[in-house]
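# A structural model of the following input is requested.
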Amino acid sequence: DTRWGEISGLWYKEDGKVVPGGSRKPIEDLDSLPYPSRHLYDLSKYPLYAPNGEPMLTILSSRGCPYACSFCFKGIVGRSYHQRSPENIVAELKEVYATYGIRNFYFIDDLFTIDVKRLEVILDHFIDQRLDYRWRCLARVDRVTPELLKKMYKAGCRQIHYGIESGNQEVLKRTAKHIDLQQVRDAVKWTEDAGIRSKGYFILGLPGDNEETMQETIEFAASLELTEAMFSIATPFPGTKLWDELILKNPGMAYDADFTKTYYYNNYAAEIAPFMNVSEIGDEALSGMALTARERFQEAREQRKFVKYFGEDWGRRAYKVSKVGPVNSVAKAALDAGLFPKFRKLQPREGA
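All right, here's what the predicted structure looks like:
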């Protein structure tokens with residue numbers, strides 16, 4: 001018999017009118033919440049795999065993000081940040097392993113490395129209890145150090161996803177992300193040196209972006225020793241600073257926005273189209289830049305493998321030769337036959 005009005009945060013309709021329910025306060029004690037009811041659905045129908053082919057599950061160890069990047073919609077609901085205790089997190093991982101036999105995890109916190117002191121305690125639990133888990137997480141480039149990354153590897157971290165956004169410092173500055181390109185270079189190098197794979201997220205078509213600045217982003221991404229890179233086209237969501245900037249310049253666009261056409265670019269898409277273009281170039285040119293970015297990164301990553309195996313000069317030559325059709329077919333057959341095991345191992349596939 002509970003009245004709808006007694007439920008904080010619930011907006012409902014009564015007698016044809018919308019009754020506002022106000023704002024619901026965030027749950028501060030996350031340890032008081034039960035673990036996700038994974039038994040209620042068939043995990044095999046929602047597969048998520050680690051690079052080694054083993055199944056992987058997501059874990060949320062905190063809620064919220066204290067940062068205010070101009071393009072991010074998460075700041076719309078406030079920047080409060082709440083954490084689960086390290087003990088509570090470890091207990092969930094142990095339960096998942098005992099129940100499903102899964103030891104690969106993806107921490108889907110907005111940023112897993114916000115509170116470094118808390119992270120250190122989590123890592124200590126993993127190491128001291130000799131938990132044989134492999135995991136990945138999201139992080140900021142300015143919230144890692146060589147020492148922390150080495151400890152993260154020891155505790156089972158095998159991949160970190162970084163939001164890099166742009167390779168042009170002025171465009172990056174306008175995102176209010178408050179990082180610089182040298183911090184990006186350092187973090188990626190430290191991560192790879194620690195034995196952890198790194199994935200970079202980039203946004204093309206941000207305010208101030210033109211063909212020249214986006215080409216800088218593409219080349220910057222290609223210059224980094226990232227294991228993976230994802231390129232998306234800037235999407236202005238209502239409530240973000242990016243949206244406000246767009247509407248200030250083009251008030252009419254707010255009425256024409258069709259959010260059913262939003263597009264999130266991924267590494268497997270063959271085509272890409274901007275939803276609402278906030279850059280300084282046309283839609284077709286922007287789409288072309290996104291596809292070029294993917295191709296250029298894959299080319300640079302492949303070339304680095306040859307350089308690591310054959311050395312700088314011979315590696316570049318070998319890469320060019322490998323692009324010749326018949327040579328490429330022979331080389332692929334040789335790799336499949338296991339003739340160059342060292343070359344195949346240049347990109348590790350252990351765990352998450």
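
# low-confidence ranges in the stretch 1-150 of the chain?
With pLDDT under 70 as the threshold, the stretch 1-150 of the chain has low-confidence stretches at 1-2, 75-78.

# and the nearest residue to residue 65 once chain neighbours are set aside, how many neighbours?
Excluding the flanking residues, the one nearest residue 65 by CB to CB, 6 or more residues apart in numbering is residue 110, at 4.0 Å. For the C-beta atoms, the positions are set from N, CA and C on the backbone; glycine is no exception. Burial of residue 110, expressed as a neighbour count using other CB atoms under 10 Å, amounts to 18.

# is it correct that residue 110 is in contact with residue 61?
No. Contact status for residue 110 versus residue 61: not in contact, 10.7 Å apart, counting by CB atoms under 8 Å.

# hmm, residue 139 is touching residue 112, no?
Yes. Contact criterion CB under 8 Å: residue 139 and residue 112 qualify, at 5.9 Å.

# would you map the helices across the stretch 1-150 of the chain?
For the stretch 1-150 of the chain, the helices defined by DSSP state H, counting those that start in this stretch cover 86-100, 116-128, 146-154.

# wait, a strand at residue 231?
Yes. According to DSSP: H, G, I helix; E, B strand; the rest coil, residue 231 belongs to a strand.

# residues in contact with it?
With contact taken as CB atoms under 8 Å, 6 or more residues apart in numbering, residue 231 is in contact with 202-204, 221, 265, 290, 293-294, 297.

# now, these that are in helices?
Applying DSSP state H to the contacts of residue 231, the entries found in helices are 221, 290, 293-294, 297.

# what are the phi and psi values at the residue nearest to residue 65?
According to degrees, to the nearest 10, the main-chain angles of residue 110 amount to phi -50, psi -40.

# what's the spacing between it and residue 56?
Separation of residue 110 from residue 56 (CB to CB, to the nearest Å): 19 Å.

# show the contacting residues for the residue nearest the centre of the chain.
A centroid search over the chain (CA atoms, centre = their mean) returns residue 161, at 4.5 Å, as the residue closest to the centre. Contacts for residue 161 were tallied using CB under 8 Å, 6+ apart; they are 136-139, 198-201.

# switch the cut-off to 7 Å
Neighbouring residues of residue 161 by CB atoms under 7 Å, 6 or more residues apart in numbering: 136, 138, 199, 201.

# check which helix or strand covers it.
When secondary structure is defined by DSSP states H and E, residue 161 falls within strand 157-165.

# my guess is residue 300 meets residue 220, correct?
No. In this structure residue 300 lies outside contact range of residue 220 using CB atoms under 7 Å: 10.7 Å.

# list the contacts for residue 243?
236-237.

# got the buried residues for the host helix or strand of it?
Residue 243 belongs to helix 241-249 when assigned by DSSP H and E. In terms of neighbour count (16 or more other CB atoms under 10 Å), helix 241-249 has its buried residues at 241-243, 246.
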